[in-house]
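K.L.:
sequence unknown, structure follows:
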């Protein structure tokens, strides 16, 4: 079993930046691909970005391409999501998740963190 803990969320103005972190512990070898998802109130969960611990990827949703960057620190077992040029529509709870294979579908991810709130004010 792998445990995922997100941090770094908060309140930021439009155009601002935040960096989310996802610390993985436990059987990290069982989750070779790490993804970030988000869910806004009243909306379905959506894929944001993914990367593998070995560097495969990264891949991004069109809505964040060019503004968000996913990266990982293998030594620390941490996956980051650098978010720049934030917009009010980026407001959501952000989750990191782990999967055995590359996917943009949340249902393919078996391990999930508790989520961190990101709020972008206009």
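P.N.:
Happy to help now that I have it. Only a predicted model underlies this, so the values are computations on that prediction, with no experimental measurement involved. Residues are numbered from 1 along each chain as shown.

K.L.:
what residue is smack in the middle of the protein?
P.N.:
With distances taken as Cα atoms, centre = their mean, residue 36 lies nearest the centre of the chain, 2.3 Å away.

K.L.:
which strand or helix spans that one?
P.N.:
Using DSSP states H and E, residue 36 sits in strand 33-39.

K.L.:
from the chain's centre, how far out does that strand sit?
P.N.:
Shown here is strand 33-39, whose average C-alpha point lies 4 Å from the average C-alpha point of the whole chain (Cα atoms, centre = their mean, to the nearest Å).

K.L.:
what lines up beside it in the sheet?
P.N.:
Using DSSP bridges, the neighbouring strands of strand 33-39 in the sheet come out as strand 46-52 (antiparallel), strand 92-99 (antiparallel).

K.L.:
got the buried residues for it?
P.N.:
For strand 33-39, burial by neighbour count (16 or more other Cβ atoms under 10 Å) applies to 33-38. From N, CA and C alone the C-beta is placed, and that goes for glycine too.

K.L.:
turn those residues into JSON lines, columns for distance to residue 57.
P.N.:
Rendered in JSON lines, the data for the buried residues of strand 33-39 read as follows (distance: Cβ to Cβ, whole Å):
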{"residue": "33", "distance to residue 57": "8"}
{"residue": "34", "distance to residue 57": "9"}
{"residue": "35", "distance to residue 57": "9"}
{"residue": "36", "distance to residue 57": "12"}
{"residue": "37", "distance to residue 57": "15"}
{"residue": "38", "distance to residue 57": "18"}
